[in-house]
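> from the sequence below, what's the structure:
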Amino acid sequence: MAKLKESKGEPVAENPELVSNKFGQAEDFLNKYKNVLFGIVGAAVIAGAAYFFYNYQKSNQNKEAQNAMFASVIAFEEDSLDRALKGDGRNAGLIDVADEFSGTNAGDLANFYVGVAYMKKGKYEDAISHLKEFNANDLLVQARAYSLIGDAYMELKDFENAISYYKKAADYKPNEQYTPSYLMKLALAYEVSKNFQDAAKQYEKIINDFPKSSEVMDAKKYLEQDLERAK
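Predicted coordinates for the structure are as follows:
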């Protein structure tokens, strides 16, 4: 399994091990581990956004927007969330950049950062609103945005919408590295909804489609449990 990573001493939300360490009852697991599962504070999220920002800069588009958001991106990476969101009096905050450059690449990127920041602050409805505005064609960040929306809906106990967005994350450009962790989250959402049959299907998909992934052993174990529960 992947090692638990930390950023500023806080657990990584996208770590598959956190998704996999389940107890007998899905409800108990969710209640006990929701802070580490769905508190979006991880280095993986920040690294993905930083990668997207770097490639966006290379495109030499929207130089004005790049300059406007640069200081706020640095504040975000330093975990100074209020300064990142609202600016420091000299530089625009990410909320203003998202609004001013709506419909542009810069606006998309700002919305992603704002969404993650609101997740970290526990403002899940605001996070959903901004993450839904994000749109990219990359391999990593778009799927992660869908997954984060799913996390936010899980925090709000809206399991139907959580399932919908975990499906989007899992279906978006499937790959061995990230897709299995999204399928684990999808299975958990089904379990919390007491839909053990569909949860089992996600574990079967991991086993059949991603046999070399680090999630396979857990998927086999939890598949047996959910098949028993589905009877």
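> just give the nearest non-adjacent residue to Leu139, would you?
Lys173 (5.5 Å; CB to CB, 6 or more residues apart in numbering). C-beta coordinates here come from the backbone N, C-alpha and C atoms, glycine included.
> what's the distance between that neighbour and Arg144?
Counting by CB to CB, to the nearest Å, the gap from Lys173 to Arg144 is 11 Å.
> how about Lys157?
22 Å.
> with neighbour numbers in mind, choose between the two.
Legend: neighbour count by other CB atoms under 10 Å for Lys157 and Arg144, higher for Arg144 (27 against 10).
> pLDDT of the helix or strand hosting the more buried one, averaged?
Element membership of Arg144 [criterion: DSSP states H and E] is helix 141-155. Per-residue pLDDT values over helix 141-155 give a mean of 93.
> same deal with stretch 196-215?
Rounded mean pLDDT across stretch 196-215 is 96.
> just checking, what packs against the helix holding Arg144?
helix 26-38, helix 43-58, helix 105-120, helix 124-131, helix 159-171, helix 179-192 (3 or more CB pairs under 8 Å, 6 or more residues apart in numbering; DSSP states H and E).
> so the residue nearest to Leu139 sits against Ala143, correct?
Yes. Contact criterion CB atoms under 8 Å: Lys173 and Ala143 qualify, at 6.7 Å.
> secondary structure element for Arg83?
Assigned by DSSP H and E, Arg83 belongs to helix 81-86.
> now do the buried residues in that helix.
Across helix 81-86, burial judged by 16 or more other CB atoms under 10 Å covers 81, 83-85.
> next: stretch 76-96.
Buried residues in stretch 76-96 (16+ other CB under 10 Å): 76-77, 81, 83-85, 87, 91-96.
> now, which of these sits nearest Glu64?
Using CB to CB, Ala92 is the member of the buried residues of stretch 76-96 that lies nearest Glu64, at 10.4 Å.
> look up how far Lys221 lies from the residue with the shortest distance to the centre of the chain.
Centroid-nearest residue in the chain, with CA atoms, centre = their mean: Leu148, separated by 3.0 Å. Here Leu148 is placed at a distance of 27 Å from Lys221 (CB to CB).
> again, but for Glu100
Distance of Glu100 to Lys221, computed by CB to CB: 50 Å.
> more neighbours, those two?
Glu100 (16 against 12).
> could you chop this structure up by domain?
If you go by automatic domain parsing, the domain ranges for the chain are 1-37+143-231, 39-136.
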